[in-house]
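Student: A predicted structure for the sequence below; I have some questions about it.
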Amino acid sequence: MKPSEKLGFLDRCFHLKENHTDVKTEIMAGITTFMTMAYILAVNPSILSATGMDSGAVFTATALAAMGATLLMALLSNYPFVLAPSMGLNAYFAYTVVIRMGYSWQMALAAVFLEGIIFIILSLTSVREAIFNVIPMNLKHAVSVGIGLFIAFIGLQNAKIVVDSSTLVSLYSFKSSVQEGTFFTEGITVVLALAGILITAILAARNVKGNILWGILGTWVMGMLCQLIGLYRPDAEAGFYSMFPDFSGGLNIPSIAPTFMKMDFSRAISFEFIVVLFAFLFVDMFDTLGTLMGVASKADLLDDDGKMPRIRGALLSDAIGTSFGAVLGTSTTTTFVESASGVAEGGRTGLTAVVSAILFGLSLFLSPIFLAIPSFATAPALVVVGFLMMTSITKIDFSDYTEAVPAYLCIIAMPFMYSISEGISLGVISYVVINLATGRFRTKKISWLMYVLAALFILKYILI
């Protein structure tokens, strides 16, 4: 097949011209999305291994779950969204369900598997699609803004620019790092992250194609140079590793056998198990819907009525990915908010997702390279993408307080409560209550489903 024929084939498959994009842009977007979320390959095994799960098996399960679910997203919806085991839900899986509540990791996997099955049913019956569609447009824009602040906050934390303190959070102290002798390990990475933010912003301001990806690579290269000249000194015991890939262990793929098909359904009918299952369901459902709302809004993928064409395929991909991941041996697989980085690079179709999926597959063979990408190098991308998503705030109608206040509460809840789902919860509850109290519900014709959602959110706060 000639190059021109290949390009024509890709255009027909992914409708590139129709979506005002091209192969080069989609490939760049796919690489960018993968690099901003490649950290999950290292972090997920680290978190789940606290339950006694084999970290090598979890690594393989993570890569395979991400690859499979993302390919499904491209096939079923033709959207540029990438999926992987969720941050937050993996911590809930390990530290709450297993360590605190006393369930085995095999039982926790069973809860994740059943959650996915329920979501498949809800997706096929259009329940999740209906929930997406009834959220008012101003709240959808607010979700985009809130996610922008949320991922920027995550980026600042990953780079240690923002750290824990007596005031909850504060700016990293370079003076203290010099006094404590940690500047050449931790402190220099903070400097590099700050430099990376400025470099990425300058590239974006100059409209350099692939600015976010170049920002990641540039920050990483600066880190390697700092290590070569002695400004950065690795300290594995303190969690600061070499900037260079380590091929000493070879390129073998860890066996998935220790976690594959290890689900335990023996307590599936107990009340405690149902509570755990509901918690997984709630957080996953509204994290996914929130991510789809926010990223789709920023990418102009919503129609004039605020609906998302082909959303059923996107939701079904997420649901199947969750059960598939549980079978492999990992926690809930869901749409990643870092997909926004690929969208910011111009990704608009499933070709972006395919590129990211291929890279997750390659990571099984080239794990030393992908695991060497330091978190401070991807942090600038998250901060700049956060800015780009925040621009949706101009689409919110602030002249109508019954619209603006719920949007505001939705926005601030996401970074302050560290949860996309909490932002949606407060946004929906406040929207219903304020419009009921002011009598505006009569003219707005609020859907009955919004009242049901508000009631369910309130019950969630009472019961869980």
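Tutor: Alright, I've got the coordinates. Residues are numbered from 1 along each chain as shown.
Student: For this structure, which segments are assigned as strands?
Tutor: 83-85, 162-165, 168-171, 333-335 (DSSP state E).
Student: Could you look over these and pick the most buried one?
Tutor: strand 83-85 (a mean of 32; mean count of other Cβ atoms under 10 Å). The C-beta positions use only the backbone N, C-alpha and C, and glycine is treated the same way.
Student: What pairs with that strand, parallel or antiparallel?
Tutor: strand 333-335 (antiparallel) (DSSP bridges).
Student: Now for the closest residue to A152 other than its chain neighbours, how many residues are close by?
Tutor: Leaving aside its chain neighbours, A152 sits nearest to G386 (2.8 Å; criterion: Cβ to Cβ, 6 or more residues apart in numbering). A count of nearby residues for G386, using other Cβ atoms under 10 Å, gives 25.
Student: Where does pLDDT dip in the stretch 1-150 of the chain?
Tutor: 1-7 (pLDDT under 70).
Student: And D303, how close does it get to R442?
Tutor: D303 is 26 Å from R442, where distance means Cβ to Cβ, to the nearest Å.
Student: Please apply the same query to S430.
Tutor: 18 Å.
Student: Settle it for me: which of the two has more neighbours?
Tutor: A direct count of neighbours by other Cβ under 10 Å for S430 and R442 places S430 higher, at 20 against 9.
Student: Verify the contact between that one and I412 for me.
Tutor: No - using Cβ atoms under 8 Å, S430 is not in contact with I412, being 11.3 Å away.
Student: per-residue confidence for the residue nearest to G68 when sequence neighbours are not counted?
Tutor: Nearest non-adjacent residue to G68, counting by Cβ to Cβ, 6+ apart: F324, 5.6 Å away. On the pLDDT scale, F324 is placed at 96.
Student: Determine the number of other residues adjacent to F324.
Tutor: 19.
Student: In contact with it, which residues?
Tutor: Going by Cβ atoms under 8 Å, 6 or more residues apart in numbering, F324 touches A65, G68, A69, G116, T333.
Student: in the sheet, who's paired with F240?
Tutor: D235.
Student: L48 versus the closest residue to L251 other than its chain neighbours, what's the distance?
Tutor: Nearest residue to L251, sequence neighbours excluded (Cβ to Cβ, 6+ apart): F365, at 5.5 Å. Here the criterion is Cβ to Cβ. By it, F365 lies 22 Å from L48.
Student: now swap in F441 and tell me
Tutor: As judged by Cβ to Cβ, F441 and L48 stand 45 Å apart.
Student: Give me the mean pLDDT for stretch 399-413.
Tutor: The predicted model gives stretch 399-413 an average pLDDT of 95.
Student: Look at I311 and say how many residues are nearby.
Tutor: 22.
Student: List the contacts of the spatially closest residue to it that is not a sequence neighbour.
Tutor: Closest residue to I311 apart from its sequence neighbours, by Cβ to Cβ, 6+ apart: E129 at 5.3 Å. For E129, the contact set (Cβ under 8 Å, 6+ apart) comprises S123, I311, R312, L315.
Student: Tell me how many other residues surround the first one.
Tutor: Meaning S123. 21.
Student: hang on, isn't it packed against T322?
Tutor: No - using Cβ under 8 Å, S123 is not in contact with T322, being 10.8 Å away.
Student: List the contacts of the residue nearest to A152.
Tutor: By Cβ under 8 Å, 6+ apart, G386 lies in contact with G148, L149, F150, I151, A152, F153, G155.
Student: cool, and V191?
Tutor: V191 touches F174, counting by Cβ under 8 Å, 6+ apart.
Student: Next: L281.
Tutor: By Cβ under 8 Å, 6+ apart, the contact list for L281 reads E115, I118, F119.
Student: Could you rerun that using 10 Å?
Tutor: Counting by Cβ atoms under 10 Å, 6 or more residues apart in numbering, L281 touches A111, L114, E115, G116, I118, F119, L122, T332.
Student: Against F457, how distant is it?
Tutor: On the measure of Cβ to Cβ, L281 and F457 end up 13 Å apart.
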